[in-house]
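> Okay, sequence plus prediction incoming.
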Amino acid sequence: MKKSKRQQKRSSLVEANKAYSLADAVKSIKQISDNKYDETVTLSFQLGIKADSGDENVRGTVSLPHGSGKNVRVICFCKGEAVNSAKAAGADHVGGEELVQKVLGGWYEFDAVVAHPDMMREVSKLGRVLGPKGLMPTPKTGGVTPQVGTAVKELKAGRVEFKSDKTGGLHAICGKISFSEQNILENAKSVVKAVREAKPAASKGEYLKGLTIAASQGPGFSLNLGML
């Protein structure tokens, strides 16, 4: 398929077969000046894990020092005193069994979920609808916690989740193209550090096998893993 002039211009920013330093890649991404909207910048990892092995899945969270640039809609399942804490932290919707029923009824106007442990008997009913969307809260990612206010605040401020897929790939956002080079760079470094620290104990051999960074509309810049 023939590339448009816009695509050709973007592709010209990438040197063939070059492994970029993270700083140089970010500098090149910032040269994309024809963006019609504020594109998301994403890191795409290829991990040396056995993706079909449950004990080698990679999952975790990272708090981006400069936020994600996204308005994250957070809902919180809790009751009692925790309700006030969640609302004060900025949760968009807070509730108990009635909120569970609302989601079961097909309402999905949210981007992240927090739940108090006391609510998990009810929230577990949402596994079949939230699981496939990657929204089911778990203790491992900090989504299930008695400190619901803290969790909501972190999500609003830019805490993002990451999870490996069936091919050993993993994608995590690190900001917006409108961010300064320094802010994208610091966010990206935080993501790389978090993914490295999430290496499963069962994983042997080379863990990080490939990494690219790109704005939503591309192109992707392959990174020099030895310089990270």
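Perfect, thanks for sending it. Residues are numbered from 1 along each chain as shown.
> Who are the contact partners of R196?
Y207, L208 (CB atoms under 8 Å, 6 or more residues apart in numbering). Any C-beta I mention is one placed from the backbone N, CA and C, and that applies to glycine too.
> Just confirm it is within a strand.
No: using DSSP: H, G, I helix; E, B strand; the rest coil, the assignment for R196 is helix, not a strand.
> Could you tell me how far it is located from V58?
10 Å (CB to CB, to the nearest Å).
> do the same with D38
On the measure of CB to CB, D38 and V58 end up 28 Å apart.
> More neighbours: the two, which one.
Neighbour comparison, D38 and V58: the larger count goes to V58, with 20 against 14 (by other CB atoms under 10 Å).
> Would you confirm that the more buried one contacts A202?
No: counting by CB atoms under 8 Å, V58 does not reach A202; the two are 11.0 Å apart.
> all helices for the protein, in order.
For the chain, the helices defined by DSSP state H occupy 5-11, 22-29, 82-88, 97-104, 120-123, 127-130, 148-157, 181-197.
> Pull out the buried residues from the third one.
Same thing as helix 82-88. The neighbour-count check on helix 82-88 (16 or more other CB atoms under 10 Å) flags A82, V83, S85, A86, K87 as buried.
> do the second one as well
The neighbour-count check on helix 22-29 (16+ other CB under 10 Å) flags L22, D24, A25, V26, S28, I29 as buried.
> Need the pLDDT of the fifth one.
So the one you mean is S28. S28 carries a pLDDT value of 92.
> correct me, but it touches Y20?
Yes: between S28 and Y20 there is a contact under CB under 8 Å: 7.2 Å.
> shared neighbours of those two, which are they?
Joint contacts of S28 and Y20 (CB under 8 Å, 6+ apart) are F221.
> Quickly list the domain ranges of this protein.
19-67+160-227, 74-157 (automatic domain parsing).
> Would you convert the buried residues of helix 82-88 into a markdown table that also reports distance to E109?
Formatted as a markdown table, the buried residues of helix 82-88 follow (distance: CB to CB, whole Å):
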| residue | distance to E109 |
| --- | --- |
| A82 | 22 |
| V83 | 19 |
| S85 | 22 |
| A86 | 17 |
| K87 | 17 |
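> Just give me the closest of those to V72.
Nearest to V72 among those is A86, at 14.1 Å by CB to CB.
> ok, the closest one - contacts?
C76, C78, V94, V114, V148, G149, V152.
> what's the burial count for the spatially closest residue to it that is not a sequence neighbour?
Leaving out its chain neighbours, the residue that sits closest to A86 by CB to CB, 6 or more residues apart in numbering is C76, at 4.0 Å. Neighbour count for C76, taken as other CB under 10 Å: 31.
> my guess is C76 meets A91, correct?
Yes: contact criterion CB under 8 Å: C76 and A91 qualify, at 4.3 Å.
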